[in-house]
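Undergrad: starting from these lines, generate the structure:
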Amino acid sequence: MKKKLLLSACEDLIKSFNPKKMTLDSHADEQLGDADSPNADPNCVFIKQVFYGCVRHKEALKAFMSAFYNDMAASVLRSDYTLYLIITYLTFFRLEELGFNEYRKFIESQEPDKMTGFLSYSFDVARLANSTKWDWIKLYDLDFVEETMLGPIEQHTKAANTMRVELIAKASGLAAEKEASDGKVGLKEMPKKPPTVAVSPHLTRPAPRAVPEPIRIKQEVVVGKEPTYLERTSLEAVQKTKAARLEEERERTTKKYAESNVQEFKLHETRSNLQRVRREVEEKRAKELDFDKDKRAPPVRMPREGATVKLNTAAILREDSLYKKKQEQEARQIQAYEAELRDSTEFHAWQTEMRSKDIHRARENVERTRVLAKLSAEEARRAIERQKEDNLALASQIKEESDAMMEQRALEVQMQAMMNRRLVEDINEVRDHAPREAEAKLLEQRRARRDEVKEDIEAKILEKEAELEQEQKEREDKVRQLKALSEVPRKHVKVFDPTESIGLGLLDEMSLVEMKERLSINKVRAEEIELEKRGEISVAKHKKQTDLMKRVENIKRIRKAAGTSNKEARERRKAMEVAQAEAEKQLRDEHNMTLLDTLDEKRRTRQAEQRELEEEEERRKQNQAFAGQNAHAAEELHFDELLKGAEREARTRQTEAQRASKMYEETKRTERTVVETTTAKRESRKKKLFAAKADELEVKRKDLISRQKEEIAAKKAAFLVQREKHRTVKEKLVAFNPYASTVGKLAGSRTMGGGSMTGSVRGMEQ
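TA: Prediction:
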């Protein structure tokens with residue numbers, strides 16, 4: 001397949017893909033068929049690879065295409081987006097695999113104008129490194145971008161530029177050819193004269209220029225005669241001459257500056273403050289290295305008469321509220337003491353004792369729980385083993401039942417298949433006759449329904465025509481009446497009277513004179529209310545200021561009393577702390593002496609026991625020396641004692657195990673009883689709670705219904721009362737001003753008449 005057709009097939013496949021309707025593999029298999037087998041068409045394989053690659057690298061290709069269309073918007077078309085997308089994939093992901101020659105065939109298969117811009121942009125490595133590379137780094141690794149994607153681009157940049165120049169030349173040739181073909185359309189072909197051939201004249205040819213002979217350069221060194229002045233002097237003479245000349249120059253320079261009137265130079269002295277700066281820095285560092293100095297800041301000197309603190313309103317009210325709360329708390333304590341006639345010290349002592357007992361009981365419970373946990377772990381292990389055995393038995397039973405059910409299922413399937421075959425036979429038998437009968441019956445029903453609908457439609461059409469004819473007659477009659485009314489001339493004369501109202505019958509209707517009078521009255525009333533409010537504000541401010549002053553005086557008094565009481569309390573606390581420290585020190589000394597006595601007593605007891613053991617050992621050795629023949633009997637006695645001790649230990653372990661088992665069973669029984677009792681109580685409480693809530697909901701529902709009924713009845717009554725009041729007021733207004741009511745009625749009838757006339761005219765126009 002040609003390259004152009006191959007790219008076109010890739011473009012069609014990508015455009016027809018919709019990920020919302022079909023998956024990637026399904027779409028490729030539907031459009032291309034089998035492209036994965038070894039004998040598949042290479043063109044289909046290439047199209048599928050391009051399709052998969054464009055979808056896989058969609059984000060990277062999208063980033064490049066966005067930058068490409070943004071920078072080259074004037075020379076590319078949006079309709080070629082998919083074509084550029086495919087060529088971008090081949091350029092950055094398949095160039096090294098395809099090879100530049102194959103890639104060149106793909107580029108040359110398209111229009112040169114499109115490809116020149118693409119090549120100039122895609123093979124510009126500097127532009128890609130500054131723009132698209134940063135978007136690719138977000139998707140791929142830096143090494144992959146630089147080596148796999150941009151590496152082949154850098155490698156084939158020169159070849160791409162050469163191809164771009166050829167495409168530009170090709171595009172220019174095609175354009176020139178097109179222009180030439182466009183210019184010849186519709187013109188008659190004219191014969192052409194043969195072009196003039198230039199013939200060179202017979203001129204004298206210039207003689208060739210003679211080339212000069214090259215200059216020979218001698219490659220030798222010419223040495224002159226040996227100098228003779230070396231024999232007239234020696235090295236010692238040169239040194240002496242040099243020393244004499246140096247001494248003469250030194251004397252001349254010294255004499256020059258000695259005879260000068262300028263200030264003498266002090267070149268042997270050095271003016272520098274380095275030593276002084278060094279000494280200051282060392283003193284400063286020495287001060288910083290003084291670790292024994294007191295680092296504490298000097299204490300703040302407080303004024304003897306006390307600091308003056310100005311309180312704002314919030315602080316005054318806050319502190320006054322705090323003092324009032326303290327007073328209320330003290331009053332409650334006094335009332336409680338007067339009512340109960342006892343102090344709470346005994347209660348606090350009892351409370352402390354009971355808390356200590358609770359802690360001791362809690363520790364015992366923790367130990368008992370630990371023992372029970374060990375026993376529970378053993379019981380759980382045995383229960384797990386029993387559960388495993390039961391599970392094995394249950395699994396074997398389920399397996400047997402499953403085999404039986406499978407056999408029964410096979411029998412049911414056979415029975416169902418037989419019934420289905422019978423049903424199919426019945427259906428085939430009915431299908432030959434029933435459809436035609438049903439079709440004939442349905443046709444008959446449709447014919448009857450058609451006749452009924454046709455008759456109904458004809459009757460309605462006649463009825464509608466009669467109605468339209470009657471409506472047309474009524475419209476013509478109304479039009480004639482309106483024309484007669486409009487032809488009668490009317491004169492309307494309006495005279496403005498400021499003492500009369502407009503006469504529309506509104507509730508707040510008044511004349512201009514009455515309105516001005518009421519406005520003046522309202523203005524005077526507002527001024528009076530403002531003056532009264534100003535007086536009230538002034539009195540409230542004065543009261544607030546007086547109350548704040550009283551609160552400040554009370555705060556000062558309470559502060560003074562609190563300061564005195566706090567000072568006395570601090571002195572008493574310090575005295576108590578000193579006495580307590582003395583008592584603790586004395587008690588500590590007594591305990592230390594008791595401990596020393598106890599240690600001495602233990603030391604003496606241990607020494608006495610050590611002496612007794614040594615004496616006993618000495619006696620045993622003597623007895624062994626005198627009674628060596630009884631060693632066998634002593635050994636048998638020793639083994640008998642060991643056996644008896646082992647029996648006693650086994651008996652003790654058995655007794656402890658039985659006691660622990662009884663305790664475990666008792667604890668388990670008690671726990672089960674407690675759980676059952678708690679569960680029963682919880683269920684009972686839950687039932688009572690649900691019943692109470694149901695009763696409460698029922699009561700609230702009935703109450704809500706009754707309130708809604710009462711509210712509806714009240715609204716109805718209020719509506720009736722308001723309607724009665726409105727009717728009464730309307731009657732009074734009519735009785736008070738019959739002229740206004742008459743004018744209002746005329747205006748209403750005029751409005752209704754105008755509306756009806758407009759409607760009649762519109763009906764006539766229709």
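Undergrad: would you list every one of the helices in the stretch 301-450 of the chain?
TA: 313-340, 345-431, 434-487 (DSSP state H, counting those that start in this stretch).
Undergrad: number of nearby residues for residue 133?
TA: 17 (other C-beta atoms under 10 Å). No exception for glycine: its C-beta is placed from N, CA and C like everyone else's.
Undergrad: actually residue 66, not the one I wrote
TA: Neighbour tally, residue 66, other C-beta under 10 Å: 13.
Undergrad: Three-state assignment for it, please.
TA: helix (DSSP: H, G, I helix; E, B strand; the rest coil).
Undergrad: also residue 296?
TA: coil.
Undergrad: list phi and psi for it.
TA: Torsion angles at residue 296 (phi, psi; degrees, to the nearest 10) stand at phi -70, psi 150.
Undergrad: tally of neighbours for it?
TA: 6.
Undergrad: how about residue 715?
TA: Residue 715: 10 neighbours (other C-beta under 10 Å).
Undergrad: likewise the one 5 residues further on?
TA: Residues lying near residue 720 (other C-beta under 10 Å) number 10.
Undergrad: list just the one of the helices of the stretch 301-450 of the chain that sits closest to residue 159.
TA: Of all the helices of the stretch 301-450 of the chain, helix 345-431 sits nearest to residue 159, with 72.2 Å by C-beta to C-beta.
Undergrad: quick one: the closest one to chain centroid distance?
TA: In terms of C-alpha atoms, centre = their mean, to the nearest Å, the centre of helix 345-431 is set 42 Å apart from its chain centre.
Undergrad: what packs against that helix?
TA: Identification of packing neighbours for helix 345-431 by 3 or more C-beta pairs under 8 Å, 6 or more residues apart in numbering; DSSP states H and E yields helix 631-736.
Undergrad: next, the angle helix 345-431 makes with the helix it packs on.
TA: Interaxial angle, helix 631-736 versus helix 345-431 (axes from the mean of the first three to the mean of the last three C-alpha atoms, to 10 degrees): 80 degrees.
Undergrad: one step back: now the weakest link among the helices of the stretch 301-450 of the chain, please, by mean pLDDT.
TA: Of all the helices of the stretch 301-450 of the chain, mean pLDDT reaches its minimum on helix 345-431 (a mean of 78).
Undergrad: quick one, it and helix 434-487 angle?
TA: 110 degrees.
Undergrad: need the helices of the stretch 301-450 of the chain in TSV (columns: mean neighbour count).
TA: Below are the helices of the stretch 301-450 of the chain laid out as TSV (neighbours: other C-beta atoms under 10 Å):
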stretch	mean neighbour count
helix 313-340	11
helix 345-431	10
helix 434-487	11
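Undergrad: which one of the ones you listed lies closest to residue 93?
TA: Comparing these by C-beta to C-beta, helix 345-431 comes nearest, at 55.9 Å.
Undergrad: circling back to that earlier point, out of the helices of the stretch 301-450 of the chain, nearest to residue 111?
TA: Smallest distance to residue 111 across the helices of the stretch 301-450 of the chain (C-beta to C-beta): 63.7 Å, for helix 434-487.
Undergrad: and the next helix or strand after the closest one with helix 313-340, angle?
TA: Per DSSP states H and E, helix 434-487 leads on to helix 512-626 as the next helix or strand towards the C-terminus. Helix 512-626 runs at 60 degrees relative to helix 313-340, counting by the same axes, to 10 degrees.
Undergrad: what packs against helix 512-626?
TA: Going by 3+ C-beta pairs under 8 Å, 6+ apart, helix 512-626 lies up against helix 313-340.
Undergrad: figure out how far the helix it packs on is from the centre of its chain.
TA: Using C-alpha atoms, centre = their mean, the offset of helix 313-340 from its chain centre is 50 Å.
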